[in-house]
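[1] need coordinates for the below:
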Amino acid sequence: MGIFSRFTDIVNSNINAILDKAEDPEKMVRLIIQEMEDTLVEVRSTSAKTIAEKKELARRVERLNAQADEWQAKAELALSKDREDLARAALVEKKKATETAASAENELNHVEEHISKLQTEVTTLQEKLADAKARQKAIVLRQRSAESRLEVKRTLDSSKVDDALNRFDRFETKIDGLESQIEAYDLGKKSLSDEIAQLQQEDKVDDELAALKKKMSGKSEK
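    Predicted coordinates for the structure are as follows:
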């Protein structure tokens, strides 16, 4: 027993509803397509046999009608020869052939009706199969994308990321401490460049002080 227990299950099925209930849509859509293709092969084989049966029934109806016509002709011949007994017997055979032909024709009508319904169902199945194949790639891509996103979400929501970030913070704090110790060792020590820069600053201050004295001296003289 496959996904579908009968051919009509496939024809009347709602593919979306099946996929919604599936734990693995990618696997399910492959199974649906395979089931549909297998069913099409089976139904086409059955259709071929039914059509062959229809042709045989049609030939049988034609033969029986021909036999009825022959018995009619024989009854007319016997009656023309004043053989009423033979004419009656021929009409009895004609009746049998006519009734059998009617029964065969009725069976033929049922077969034709069955073939018509079967063809309609096959067309519906082919449409569903085409729809499933057209959407198969999109369904697979959507599922894989969703699974990837879910994995990312689980990773982000897990404590591993927070633990790693906390470790980074601790490392940065430790490095800050080491750098502070290095700066403490260098505190109060001046390089040659620092001393020269300081002399330059002192020269600037001396120059500004001399200029200020000169300016103030000028004002006093006035």
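[2] tell me the domain ranges of this structure?
    Using automatic domain parsing, the domain parsing of the chain gives 7-157, 160-189, 193-222.
[3] now do the longest one: distance to the chain's middle.
    Think domain 7-157. In terms of C-alpha atoms, centre = their mean, to the nearest Å, the centre of domain 7-157 is found 28 Å from the chain centre.
[4] tell me which element the most centrally placed residue in the chain is part of?
    When C-alpha atoms, centre = their mean is applied to the chain, the residue found nearest the centroid is Ile139 (2.9 Å). Assessed by DSSP states H and E, Ile139 sits inside helix 84-157.
[5] other SSEs contacting that helix?
    Contact analysis of helix 84-157 by 3 or more C-beta pairs under 8 Å, 6 or more residues apart in numbering; DSSP states H and E lists helix 7-12, helix 15-21, helix 25-80 as its packing neighbours. C-betas here are computed from N, CA, C, even on glycine.
[6] coming back round to it: looking at the domains of the chain, which is buried most?
    domain 7-157 (a mean of 14; mean count of other C-beta atoms under 10 Å).
[7] just the mean pLDDT for that domain, thanks.
    Mean pLDDT, domain 7-157: 83.
[8] quick one on the thing from earlier: okay, the helices and strands packed on helix 84-157 in JSON lines with distance to Glu127 next?
    Compiled in JSON lines, the helices and strands packed on helix 84-157 are given as follows (distance: least, C-beta to C-beta, whole Å):
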{"stretch": "helix 7-12", "distance to Glu127": "10"}
{"stretch": "helix 15-21", "distance to Glu127": "11"}
{"stretch": "helix 25-80", "distance to Glu127": "10"}
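[9] to Leu209, which of these lies closest?
    Across the helices and strands packed on helix 84-157, Leu209 has its closest neighbour in helix 25-80 (86.8 Å, C-beta to C-beta).
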